[in-house]
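# just a sequence and a predicted model for now, questions to come.
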Amino acid sequence: MKTLFENVNIFDGTGSALFPGEVVVEDNCITAVSKGSGKIPRDGAEVVNGNGATLMPGLCEPHAHITYPNMLKLNELGDTPPEEHIFVTMHNAQTMLNAGFTSLYSAASSKLRTEVVVRNEINSGRIMGPRFRAASPEIVATGGLGDERQLHMYHQGIEIIADGKDELIKTIRTCIREGVDTIKINISGDNFVKVGHDGVCTYTAEEVKAAADEAHERGAWLSCHTRSDRSVRMALENKFRVLYHCEYSTDETLDMIEAVKDEVFIAPAIGANYRLAHHAEEWGITPEVAESMHLFKTIDLTIDTYQKMRKRGIRVMPGGDYGFIWNPIGTNARDFEYFVNLFGYQPAEVLSAATMLGGKIMDIPNLGLIKEGYLADILLVDGDPISDIAVLQDVDKIFMVMKDGQFCKDTKKLQTAA
């Protein structure tokens, strides 16, 4: 099948300005990109008139939690039965695709095989969803972020508890055996569950090294929850591929990140804390409660750190930690606006991070650009996201989603001609 998109303004993913042009898709690949109109033969092609819409690469969420049921508390994950959790995850995958996210890099599954099963179903074509890198649950030390247990009563959230080198090695071997793409380890704590815990390391350096060595030996990628400065350094020393948060990083630690900036990806997940601090009063998070949780301090630290990272050219990606009731699945594009308004990014920079860098974090060399030979993961957006990046938050404005050359969403009647 051959499809020609005409009368579109193209954002190619590199960060360059939009340009009017035409794009041809054959099977699952982009086979031609032309500036201007009328230069590409129409023979044998279905012609789609974009009516001046923006044609751009599909978006990537680098810190996806599609097993999250738009919850209030982490223990709701443990309260969701495995059977229902599969359907939650399937529906969330479809929601993300409708919102323009054609790739998801997971930052932890709620249960060990939930994401693996859904990934496999998507890859087989039996259900609809984005390209998907499935993760382990969060591997957590006793008392660390995600440990929901109490001595008198067992609770569970998104975690696998593993203490000591031997338990960590066994846990990682089990996760890899069950088919995950990436291992997530919580190296630091978090104010969300215990004030002051974001500056704490919940694993020792020896434990982190043992876990990392095992994952590297078996070919699994590593990601981590790292808020404290020391946890960031542990992750860098042990060659973690994706680091989340990192807002306590000192200038010396930023030097370490910059030295390996072509080998790591960083994501602050600013949307979760910003929404919790400013938009969660109906769930009891008043400004006073937000202050007591140190949310405003965390946001200020994040702004300062990521303005510095931008100047250093570090690979920072927008998105993350969506799936709570105050920032539900599918609203992930809010982070684009936060990057502009809080961190000082230009809209084209943010969109390049969400598209071109998306191909890199997914480790798919021909993904994330509108370019000949690249996979046809494409959006048509009713508006100009360079002039108004918030347009991507309106799902109705994303009136066409194509993944791997297949139309997944077409809610606007497009003009076509054989």
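Cool, the structure landed. Numbering: from 1, shown residues only.

# please make it C-alpha for all contacts and neighbour counts, starting now.
OK.

# just for this protein, where's the confidence low?
Applying pLDDT under 70 to the chain flags residues 411-418.

# helices of that one, start to end?
75-79, 82-98, 114-124, 164-177, 205-217, 229-237, 251-259, 270-278, 287-292, 295-312, 334-343, 347-361 (DSSP state H).

# okay, now Asn49: neighbour count?
For Asn49, the neighbour count with other CA atoms under 10 Å is 17.

# got it, and Ile169?
If we define neighbours as other CA under 10 Å, then Ile169 has 19 of them.

# tell me the contacts of the closest residue to it other than its chain neighbours?
Nearest residue to Ile169 in three dimensions, chain neighbours excluded: Ala211, at 5.6 Å (CA to CA, 6 or more residues apart in numbering). By CA atoms under 8 Å, 6 or more residues apart in numbering, Ala211 lies in contact with Lys165, Leu168, Ile169, Ile172.

# tell me the one of those nearest Tyr345?
Ile172 (36.8 Å; CA to CA).

# so what's the closest one closest to, chain neighbours aside?
That would be Ala215: by CA to CA, 6+ apart, it lies 6.7 Å from Ile172.

# follow-up on the earlier one: most tightly packed of the helices of the chain?
helix 347-361 (a mean of 24; mean count of other CA atoms under 10 Å).

# Gly373 contacts Val33, doesn't it?
No: taking contacts as CA atoms under 8 Å, Gly373 lies outside contact range of Val33: 10.0 Å.

# more crowded one of the two?
Applying other CA under 10 Å to Gly373 and Val33 shows that Val33 carries more neighbours, namely 20 against 15.

# next, the contact list for the more buried one, please.
Gly21, Glu22, Val23, Val24, Ile370, Lys371, Glu372.

# who's it bridged to?
Applying DSSP bridges to Val33 gives these bridge partners: Val23.

# how much space separates it from Pro57?
Here the criterion is CA to CA, to the nearest Å. By it, Val33 lies 13 Å from Pro57.

# what do the two both touch?
Ile370.

# what's in contact with stretch 217-225?
Contacts for stretch 217-225 (CA under 8 Å, 6+ apart): 107, 176, 180-188, 212, 215, 235, 239-245.

# I'd say Gly358 and Cys60 touch.
Yes: look at Gly358 against Cys60 with CA under 8 Å: they come within range, at 5.0 Å.

# which neighbours do these two share?
Contacts common to Gly358 and Cys60, judged by CA under 8 Å, 6+ apart, are Ser103.

# so who does the residue nearest to Ile172 touch?
Ile172, Arg173, Ile183, Trp221, Leu222.

# report the beta-bridge partners for the last one.
It refers to Leu222. Going by DSSP bridges, Leu222 forms beta bridges with Ile183.

# so of the contacts of Ala211, which two are at opposite extremes in space?
Lys165 and Ile172 (10.6 Å).

# domain boundaries for this structure, per the record?
Using automatic domain parsing, the domain parsing of the chain gives 2-58+366-417, 60-332.

# nearest to Pro347, of those domains?
domain 2-58+366-417 (5.4 Å).

# measure Met356 to Ile30 for me?
Counting by CA to CA, the gap from Met356 to Ile30 is 15 Å.

# from Pro287, how far out is Phe399?
37 Å.

# equivalent analysis for Asp394, please.
27 Å.

# isn't Cys246 up against Asp229?
Yes: assessed by CA under 8 Å, Cys246 is found in contact with Asp229 at 6.9 Å.

# distance from the chain centre to stretch 128-146, please.
12 Å (CA atoms, centre = their mean, to the nearest Å).

# and what of stretch 306-317?
17 Å.

# same check on stretch 296-311?
19 Å.

# okay, that stretch in PDB with CA atoms only?
Output of stretch 296-311 as PDB, limited to C-alpha atoms (Å, rounded to 0.1, in the frame of the first residue of the first chain):
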ATOM      1  CA  PHE A 296       7.600  23.300  46.000                       C
ATOM      2  CA  LYS A 297      11.200  22.800  47.100                       C
ATOM      3  CA  THR A 298      11.500  19.700  44.800                       C
ATOM      4  CA  ILE A 299      10.000  21.600  41.900                       C
ATOM      5  CA  ASP A 300      12.400  24.500  42.400                       C
ATOM      6  CA  LEU A 301      15.400  22.100  42.600                       C
ATOM      7  CA  THR A 302      14.200  20.400  39.400                       C
ATOM      8  CA  ILE A 303      13.900  23.700  37.500                       C
ATOM      9  CA  ASP A 304      17.400  24.700  38.500                       C
ATOM     10  CA  THR A 305      19.000  21.300  37.700                       C
ATOM     11  CA  TYR A 306      17.300  21.000  34.300                       C
ATOM     12  CA  GLN A 307      18.100  24.500  33.200                       C
ATOM     13  CA  LYS A 308      21.700  23.500  33.800                       C
ATOM     14  CA  MET A 309      21.300  20.200  32.000                       C
ATOM     15  CA  ARG A 310      19.900  22.000  28.900                       C
ATOM     16  CA  LYS A 311      22.900  24.200  28.800                       C
END
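
# what does it contact?
For stretch 296-311, using CA under 8 Å, 6+ apart, the contacting residues are 245-249, 254, 268, 270, 273-274, 277, 290-291, 316, 342-345.

# repeat for stretch 94-104
Here stretch 94-104 has contacts from 58-64, 128-133, 329-331, 358, 362, 377, 379, 392-393, 395, 398, 401, 403, 408-409, using CA under 8 Å, 6+ apart.

# what about the residues you listed, which are in strands?
59-64, 131-133, 379, 398, 401, 403, 408-409 (DSSP state E).

# now Ala269: how far from Asp335?
For Ala269, the distance to Asp335 - CA to CA - is 8 Å.

# am I right that Ile86 is in contact with Val118?
Yes: with contacts counted by CA under 8 Å, Ile86 reaches Val118, the gap being 7.2 Å.

# count of residues packed around Val260?
Val260, neighbours per other CA under 10 Å, totals 14.

# please begin residue numbering at 51 from this point
In the new numbering, first residue 51, that becomes Val310.

# that one and Tyr294: what is the separation?
Taking CA to CA, one finds Val310 at 16 Å from Tyr294.

# again, but for Asp248
Relative to Tyr294, and taking CA to CA, Asp248 is found at 12 Å.

# what touches both of the two?
Arg277.

# ok, back up a step: which one of the helices of the chain lies closest to Phe374?
Comparison of the helices of the chain against Phe374 by CA to CA identifies helix 320-328 as nearest, at 8.0 Å.

# all set now, cheers.
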